[in-house]
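Curious how this folds, go ahead:
(2 chains)
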Amino acid sequence: MQTLKSLFTNTIAIIVFILAWELAARFGFVNTMFIPAFSTVLLAISKLLISGTLIPHIAISLQRSIGGLLLAVAIGIPLGFIMGGWFRKLETALEPLFEIAAQANPYILFHVIILFLGIGEAAKLAIIAWICIWPILFNTAAGIRNVDADLLKAARSFGLKRWPLFYKVVLPAASPSIFTGLRLSAGYSFFLLIAAEMMGSSSGLGWFLIYSQENYNIEWIFSGAVVIALLSIIIDSIIKYLEKKIIVWSEPA
Amino acid sequence: MNLLTATSNTALRGSGLFLFLLLWEIAPRLGWADAQFIPPLSAVIAAGYKLWAQGLLYSQLIVSLWRAALGLLVALLIAVPTGAILAGWFPRVLTYLDPLFRLLSNVNPFSLAPVFMLFFGIGEAMKLMIISLVAVWPILFHTITGIRTVDPLLIKTARSMNVSNFVLMRDILLPGALPTIVTGIRISVQMAVFMLVAAEMLGAKAGLGWLVHSSAMLSQLPRMYAGGAFIILVGIFINKVILHIEKTSFFWKESVEIFDAVSPINKKGKWSMLFDEYYVSLVVLLFAFIIAFGGHEVNRLNKERFIETTSPRSNHEKHTMKQHLPGCTEKKDDDTLNYIIGD
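Numbering: from 1, shown residues only, chains lettered A, B, ... in the order given. Below is the predicted model:
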């Protein structure tokens, strides 16, 4: 009964919203040339998926996004460990630089990266890795720095050596922060991916949107938008699920 | 912390940045990096100076800031009342609306940009829509959280004095939630500047994003780097401005989690305290100036360009991706309406 009630609260507003959208489109409150009815959009999405037009684009977009994210994780987490734990002086020296680099607008960097790597997969992976690295780096460093000193002292008093200390105490204690950084990065990566694909690409969901725009196919644009929104929600849910599985000791927020 | 450690700490903090700038100057000159792709720092600064001397820098800056300011204003006017009324007066309705808001906030504004472009053409309205859309969500969520976390004791005390809903909102809920709301505004300004550059790159004839994009298309690299560096500096400056509001206006709040070194609270001079007191009013004044002067500039530029771009163009040239290859001088035009009707 409880889950039924919570399911109700979670979905009622969305259902009402979709109904309102549908009715507004049917009764002509909004111009269906610009905002198609929800049923039309749904139909368009299913047609696109079944005919297989959309699936390669989704696959490529996901590939780029996840590839960039993994690259950022591979570079960012070790770097975050180093910055958080060992070389304090290095960290103080690099901090302002990294702060500025983190705030650097990725669209500008996109142009610079295109100069070097051309308009190809490498450029897109590079820009996504760039924007994903900063949340991961900062959050990992912060997580390591904020490990409870009592835990460390207790572990040391048990005679724990350096390496087991790291992966038995420091790593788990820092994981909530690391996962926060990961969630932020995943959100940004998908966000930026669409923009990058819109600007210089010939495949992927962003390109699909521009293509639909050039053909004045509004239904396709909305289908693309809905698919993108759903994908970002799915990616976020996956990471939250992973977080719950791995960090078994955290209380619900 | 005595003077020596303080200075050496600052020196250490600045060293990373200094080395980076030094590297930027030396590497192209020594041939470590291709000087065609990365002009040395001096060339970039020279290009920046030229931009400023030509008046382009001010012009594009004020236009960009105007768009961001207007978008932020619209977002504020929508998000703060909605969030405050929902969280303060109808909390039960809010529990139902929460999932919907979370779903809508995940909608990528880039995915709606083509729709806006078809609706509004490549005009100011489209950019305003995109920026407002992006800026609304952080403010909304932070307003809701802020009002939810107002001390319930205060609310109960007010209720026991039989205040009306309106007075409750005005005197207790909003002031109590104000620190969180300002944090939301800060995040939303960051996102607005972020999206602004992108929106300008997608379709605009003025603004800092357009400057960088067109310089890239025309392969004028020092100008591109100068514009880009300027955008970054502006973003950092805006961030610091709002952070200062957060730090000084709400003295009862714990300090914001930032990566600055914590400065000791010294006795402040007379001018510094005066500055702090009138800081928010100064910021609001600056905001008003941006909207006034920016609007004027946008008007002027639109009139100029309108004369330029009413030349007929072939359909094929208008919307191909060829525009995005370097060296191509094609720019997206704003004759979308013409395109739909005119043939």
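
Looking at the stretch 151-300 of chain B, what residue ends up closest to chain A?
Chain A sits closest to B:G228 of the stretch 151-300 of chain B, with a gap of 3.8 Å, by CB to the nearest CB. (Glycine included, C-beta is placed from N, CA and C.)

That residue against A:P106, yeah?
No. In this structure, B:G228 is not within contact of A:P106 by CB atoms under 8 Å, at 10.9 Å.

on that earlier part again, quick check: chain neighbours aside, which residue is closest to the residue of the stretch 151-300 of chain B closest to chain A?
Leaving aside its sequence neighbours, B:G228 sits nearest to A:I108 (CB to CB, 6 or more residues apart in numbering or on different chains; 3.8 Å).

Now do the host helix or strand of that neighbour: which elements does it pack against?
Using DSSP states H and E, A:I108 sits in helix A:106-117. Contacts defined by 3 or more CB pairs under 8 Å, 6 or more residues apart in numbering or on different chains; DSSP states H and E place helix A:106-117 against helix A:121-145, helix A:171-199, helix B:174-202, helix B:208-217, helix B:221-249.

quick one: average pLDDT of the host helix or strand of A:K153?
For A:K153, the element it lies in under DSSP H and E is helix A:149-157. For helix A:149-157, the mean per-residue pLDDT is 88.

in it, what counts as buried?
The neighbour-count check on helix A:149-157 (16 or more other CB atoms under 10 Å in any protein chain shown) flags A:A155 as buried.

quick one: contacts of that helix?
A:165, A:168-170, A:173 (CB atoms under 8 Å, 6 or more residues apart in numbering or on different chains).

B:A113 contacts B:M126, doesn't it?
Yes. With contact defined as CB under 8 Å, B:A113 counts as touching B:M126 (7.5 Å).

Give the residues shared as contacts by the two.
With CB under 8 Å, 6+ apart as the test, B:A113 and B:M126 both reach B:A199.

List the residues that contact B:L86.
B:93-94, B:97, B:144 are the contacts of B:L86 under CB under 8 Å, 6+ apart.

could you give the angle of the helix or strand harbouring it to helix B:174-202?
Element membership for B:L86 (DSSP H and E) is helix B:56-89. Orientation of helix B:56-89 against helix B:174-202 (axes from the mean of the first three to the mean of the last three CA atoms, to 10 degrees) gives an angle of 140 degrees.

Just want the most central residue of chain B.
By CA atoms, centre = their mean, chain B has its centre lying nearest to B:V193, at 2.4 Å.

What is the neighbour count of the closest residue to that residue other than its chain neighbours?
Using CB to CB, 6+ apart and skipping residues adjacent in sequence, the residue nearest B:V193 is B:G235, 5.1 Å away. Residues near B:G235, counting by other CB atoms under 10 Å in any protein chain shown, number 20.

Hmm, B:G235 is touching B:Q190, no?
Yes. With contact defined as CB under 8 Å, B:G235 reaches B:Q190; the gap is 7.3 Å.

who touches both of the two?
Common contact partners of B:G235 and B:Q190 (CB under 8 Å, 6+ apart): A:Q103.

Quick one: residues contacting the closest residue to B:L196 other than its chain neighbours.
Leaving aside its chain neighbours, B:L196 sits nearest to B:A68 (5.0 Å; criterion: CB to CB, 6+ apart). Going by CB under 8 Å, 6+ apart, B:A68 touches B:131, B:189, B:192-193, B:196.

and which of the residues you listed is nearest A:A225?
B:I131 (17.4 Å; CB to CB).

Could you see whether chain A lies near the strand or helix carrying the closest one?
Assigned by DSSP H and E, B:I131 belongs to helix B:124-148. No. Residues of helix B:124-148 are not located near chain A by CB under 8 Å from any CB of the partner chain, the shortest gap being 9.7 Å.

what is the mean pLDDT for that helix?
89.

Ok, stretch A:173-190 next?
For stretch A:173-190, mean pLDDT is 87.

do the same with stretch A:56-71
Across stretch A:56-71, pLDDT averages out at 90.

Please tell me how far the residue nearest to the centre of chain B sits from A:G200.
22 Å (CB to CB, to the nearest Å).

Then B:K50?
Using CB to CB, B:K50 is found at 28 Å from A:G200.

So which of these two has more stuff around it?
Taking other CB under 10 Å, B:K50 and A:G200 do not tie; A:G200 has more neighbours (19 against 14).

contacting residues around the nearest residue to B:S15 once chain neighbours are set aside?
With CB to CB, 6+ apart as the criterion, B:S15 has its nearest non-adjacent residue at 4.9 Å, and that residue is A:A93. Going by CB under 8 Å, 6+ apart, A:A93 touches B:12-13, B:15-16.

Among those residues, which are located in strands?
Using DSSP state E, no member of those sits in strands.

Which residues of the stretch 151-253 of chain A lie near chain B?
Residues of the stretch 151-253 of chain A lying near chain B (CB under 8 Å from any CB): A:190-191, A:194-195, A:198-200, A:202, A:205-206, A:209-210, A:212-214, A:216, A:218, A:221-222, A:224-225, A:228-229, A:232-233, A:236.

all helices of the stretch 1-150 of chain A, in order?
Listed in chain order, the helices of the stretch 1-150 of chain A (DSSP state H, counting those that start in this stretch) span A:2-26, A:38-50, A:54-81, A:88-103, A:106-117, A:121-145, A:149-157.

Same list (the ones you listed) but as a markdown table, adding distance to B:R102.
Formatted as a markdown table, those follow (distance: least, CB to CB, whole Å):
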| stretch | distance to B:R102 |
| --- | --- |
| helix A:2-26 | 10 |
| helix A:38-50 | 19 |
| helix A:54-81 | 20 |
| helix A:88-103 | 25 |
| helix A:106-117 | 24 |
| helix A:121-145 | 19 |
| helix A:149-157 | 34 |
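
Between the ones you listed, which one is closest to B:K156.
Ranking the helices of the stretch 1-150 of chain A by their distance to B:K156 (criterion: CB to CB) puts helix A:2-26 first, at 25.4 Å.

That closest one - contacts with which helices or strands?
In terms of contacts (3+ CB pairs under 8 Å, 6+ apart), helix A:2-26 is packed against helix A:38-50, helix B:91-105.

Can you give me the buried ones in it?
Using 16+ other CB under 10 Å as the test for burial, helix A:2-26 gives A:13-14, A:21-22, A:25.

Between helix A:38-50 and that helix, find me the angle.
With the same axes, to 10 degrees applied, the angle from helix A:2-26 to helix A:38-50 works out at 100 degrees.

which residues are contacting helix A:2-26?
Helix A:2-26 has contacts (CB under 8 Å, 6+ apart) with A:29-30, A:32, A:35-40, B:95-100, B:103.

name the element B:A158 belongs to?
B:A158 is part of helix B:152-160, with elements assigned from DSSP H and E.

Run the angle between that helix and helix B:124-148 for me.
90 degrees.

Enumerate the positions of the helix or strand following helix B:152-160 that are buried.
The helix or strand immediately downstream of helix B:152-160 is helix B:165-168, counting by DSSP H and E. Within helix B:165-168, the residues scored as buried using 16+ other CB under 10 Å are B:L168.

Could you check how far B:F110 is from A:I82?
For B:F110 relative to A:I82 (CB to CB), the value is 35 Å.

Comparing these two, which shows the higher neighbour count?
Shown here are B:F110 and A:I82; by other CB under 10 Å, B:F110 has more neighbours (27 against 15).

Show the contacting residues for that one.
With contacts defined as CB under 8 Å, 6+ apart, B:F110 is in contact with A:191, A:194-195, A:198, A:206, A:209, B:198.

Torsion angles phi and psi at A:N105?
A:N105 adopts backbone torsions of phi -70, psi 120, taken as degrees, to the nearest 10.

Assess the claim that it and B:F230 are in contact.
No. In this structure A:N105 lies outside contact range of B:F230 using CB under 8 Å: 10.7 Å.

circling back: looking at the helices and strands packed on helix A:2-26, which is closest to B:N302?
It is, among the helices and strands packed on helix A:2-26 and with distance given as CB to CB, helix B:91-105, at 31.7 Å.
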